[in-house]
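Q: Here is a sequence together with a model predicted from it:
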Number of protein chains: 2
Amino acid sequence: MGLKFEISASSPEGGRRAALHLPHGTVQTPVFMPVGTAATVKTVQQETLERICSNGAGAEIILSNTYHLYLRPSHEVIRRAGGVHRFMAWPRPLLTDSGGFQVFSLAKLRKISDDGVEFRSHLDGSKHFFSPEHSIEVQIALGADIMMAFDECVETPATWERTQQSMGLTHAWAARSRQYWLDHRHEVPWHEQGEQGEQGTGNREQGTSASADPLSVPSSHMTPDPSSHQSLFGIVQGGMYPDLRRESAERLVEMDFEGYAIGGLAVGEPREVTREMIARTLEILPKDKPRYVMGVGYPDEIEEYARMGVDMMDCVLPTRAARHGLLFRAPEPGEELSAKENGEPASRTAVRMNIKRVEYAEDQRPIDPACSCLVCRRYSRAYLRHLFVAKEPLGLTLNSIHNLSFYLDTMSRVRAGLAG
Amino acid sequence: MGLKFEISASSPEGGRRAALHLPHGTVQTPVFMPVGTAATVKTVQQETLERICSNGAGAEIILSNTYHLYLRPSHEVIRRAGGVHRFMAWPRPLLTDSGGFQVFSLAKLRKISDDGVEFRSHLDGSKHFFSPEHSIEVQIALGADIMMAFDECVETPATWERTQQSMGLTHAWAARSRQYWLDHRHEVPWHEQGEQGEQGTGNREQGTSASADPLSVPSSHMTPDPSSHQSLFGIVQGGMYPDLRRESAERLVEMDFEGYAIGGLAVGEPREVTREMIARTLEILPKDKPRYVMGVGYPDEIEEYARMGVDMMDCVLPTRAARHGLLFRAPEPGEELSAKENGEPASRTAVRMNIKRVEYAEDQRPIDPACSCLVCRRYSRAYLRHLFVAKEPLGLTLNSIHNLSFYLDTMSRVRAGLAG
């Protein structure tokens, strides 16, 4: 068993409320996945992630980046640690991307062939090669619940011809990714640690000292059902061309993945275009499988796409914005129209606050008076501004916790609306 | 009432087990106080500090630096927020230093007169003046449970004559600090917020949303008994000269402070000298009042001084070392003699680990197999090394939590040994 996707309700616009059962646990969808690039959601402790929502619930699934973990500490180190769940002590579901996007956006001196991509590390300039097979090999070593097929990400803007050509490569790579996964999915590191998992877990769980036994991080959840395996999702490409998006979705559906992602969006195009590409693609994708839009977005975007029928989304925005002092909060009465700041699109569901501003220096209110996340329950805007201005690391942590809580609470609200 | 100090047991060497009752709560002594320079213990959430020990207990008192808070965000901002407890949402006891040490170690272009010290901010070069009266005025605005008299910190090494002269100034300033405190201690911001304290607290405590009410950070503890006031401690100086230490202690005891600190130590002198200065001074100080050695030390030092009869200590070492990847742990059997690394003194109670080292890259054990702090219960050395090498902020947080836990657990063990 890789995954089980149980839809319990749906809306006329296409939105669905579902439970996504994975080897490391069940995820309520639609879901927003915090990004933990290097096996850490930047600045936030795993304990905090487990209870980050206003209602005390936590993140049910997070994402890690294959490209980063491959380069450092390396997938082999993580494989020998028992997979990324054990390595980072995160017992809940986890998804890894294919590394494709990062190879095309971060790495240097890329050489692309039908076989794969040669690139140089952005860390030390060392030379590496990713093929679809190697991406899946690395992702099996990492052992996430969900892996992504290796795809080419076309530069934007790109012509129809260039986009079509790139899409063709993505399809060939998707088929090769899938074949490698079928042949090798039994190699996931979970399958080797039944014993190791039993040995020390009890000790650590009970918080007693464990002499010199190897650390077995938190819990029995770390060792899923041995009959379970990782799932592989295909990625629909096709740029900003509806006909290519349709063709890409159809080709991938023929290959029969366990879920489908929509990639190559939110790369600078107008929001209307993003929405149209998503809508066109959703029409083609099977209704009974999870659908994932990669790399979006602002709070009102994730809400909108979830209502359209997108089940999964991820984005660095809540944590990256937090580290720049940008906080999201619900509008207060009469405030809906004033959110259009800095020439950016107005939001119906979130106001953006720049916590650096002097107007917050003595503002004793929480970030969001309507929020009961652990930051808003305890800390004032004045304190958060002080931490940010004084460059105190705690400021980045508290900002990140609030923004993630805001995103997860947003999805919780959307799910409640879909529950019927 | 400022403080009440109740000794419950003592040892032949002079160590004492006591309860120090302060306006914001009771502190079990001997105690180590984590340093929260800018109203934050660097990288650590207040929620975590409240349960940072292996047994789930938390830090009972922390320290903040008057010099830093005076410059940013300013004592006036903090006074208007209701004091530093409310500002940083820390309901437990808190101590502020006088700013003297920082003025002499961080600030630039100092001009010292009998009246006080003119200096330039290390942040922006702006000109400021601290007198004993002004230091206490600032500390009253901050509203910590314990304040320190303003003292001159002599450069080291210093001659007997120079040290005696400086000590004389410290004594004059101690008397002026005390007079200002007597005349103004009713101005502490706690006394103005009975109403404000009642208004929103209930809401935030219960974690419900609080509409647009001003934030009233966590709890009723934020508003101590209105009859309570801040305590003022005098600081014994006298450099490395036993006769001057004796004279300084005698002069301060004549002034009748509520507690006494021993300052000007751990500034580069050999450990034996530190120990001797402490021992000579403890002989003079009254047995029924708390005694505080400022700015020490390594884990074995704080243990040793506590056994000699020191009740309170603080040091940036656990958090600063953590941010440099230096972790403390208990020695394993047979390891006691190998702690002498890098030419530094050997420790009987703590081994120093440099988490950067490649030997930890695949070490799946916790930092300290004998520790059950929240880091050792969950995370491996391999993961902590990865975070540190990848410059992930979470690494600094987890390192800090472990080191603080190690320090607080050390004192917990010392207290248990003194309990009789």
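A: Here it is on my side, so go on. Numbering: from 1, shown residues only, chains lettered A, B, ... in the order given.
Q: What segments of chain A are helices?
A: For chain A, the helices defined by DSSP state H occupy A:46-49, A:66-71, A:75-80, A:84-88, A:100-105, A:132-142, A:160-184, A:194-206, A:242-255, A:271-284, A:299-308, A:317-323, A:381-389, A:393-418.
Q: least reliable of those helices going by mean pLDDT?
A: The minimum mean pLDDT among the helices of chain A belongs to helix A:194-206 (a mean of 39).
Q: closest one to residue B:122 among the helices of chain A?
A: Taking Cβ to Cβ, helix A:381-389 is the member of those nearest to residue B:122, at 15.3 Å. Any C-beta I mention is one placed from the backbone N, CA and C, and that applies to glycine too.
Q: Just the CA atoms of that closest one, as CSV, please.
A: Extracted C-alpha coordinates of helix A:381-389, given in CSV (Å, rounded to 0.1, in the frame of the first residue of the first chain):
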residue,chain,number,x,y,z
ARG,A,381,3.7,43.4,18.2
ALA,A,382,6.0,45.7,20.2
TYR,A,383,8.1,42.7,21.4
LEU,A,384,8.2,41.1,17.9
ARG,A,385,9.3,44.4,16.4
HIS,A,386,12.0,44.8,19.1
LEU,A,387,13.3,41.3,18.3
PHE,A,388,13.3,41.9,14.6
VAL,A,389,15.0,45.3,14.8
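Q: re the thing from before, adding distance to chain B and mean neighbour count, write the helices of chain A out as a markdown table.
A: Formatted as a markdown table, the helices of chain A follow (distance: least, Cβ to the nearest Cβ, whole Å; neighbours: other Cβ atoms under 10 Å in any protein chain shown):
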| stretch | distance to chain B | mean neighbour count |
| --- | --- | --- |
| helix A:46-49 | 7 | 21 |
| helix A:66-71 | 8 | 25 |
| helix A:75-80 | 6 | 19 |
| helix A:84-88 | 6 | 27 |
| helix A:100-105 | 14 | 21 |
| helix A:132-142 | 13 | 25 |
| helix A:160-184 | 23 | 19 |
| helix A:194-206 | 6 | 15 |
| helix A:242-255 | 34 | 19 |
| helix A:271-284 | 30 | 17 |
| helix A:299-308 | 17 | 23 |
| helix A:317-323 | 9 | 21 |
| helix A:381-389 | 5 | 25 |
| helix A:393-418 | 5 | 23 |
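Q: Just tell me which of the ones you listed ends up closest to residue A:372.
A: Across the helices of chain A, closest to residue A:372 is helix A:393-418 (Cβ to Cβ), at 9.0 Å.
Q: now the closest one against helix A:381-389, angle please.
A: 120 degrees (axes from the mean of the first three to the mean of the last three Cα atoms, to 10 degrees).
Q: by contact count, what packs against helix A:393-418?
A: Secondary-structure packing of helix A:393-418 (3 or more Cβ pairs under 8 Å, 6 or more residues apart in numbering or on different chains; DSSP states H and E): strand A:16-22, strand A:31-33, helix A:299-308, helix A:317-323, strand A:326-329, helix A:381-389, helix B:393-418.
Q: before we move on, back to that, among the helices of chain A, which comes closest to residue B:232?
A: Minimum separation from residue B:232 across the helices of chain A (Cβ to Cβ) falls at helix A:381-389, 25.9 Å.
Q: Any idea how far that closest one is from the middle of the chain?
A: From the chain centre to the centre of helix A:381-389 is a distance of 28 Å (Cα atoms, centre = their mean, to the nearest Å).
Q: which helices and strands sit right next to that helix?
A: Counting by 3+ Cβ pairs under 8 Å, 6+ apart, helix A:381-389 packs on helix A:393-418, helix B:75-81, helix B:84-88.
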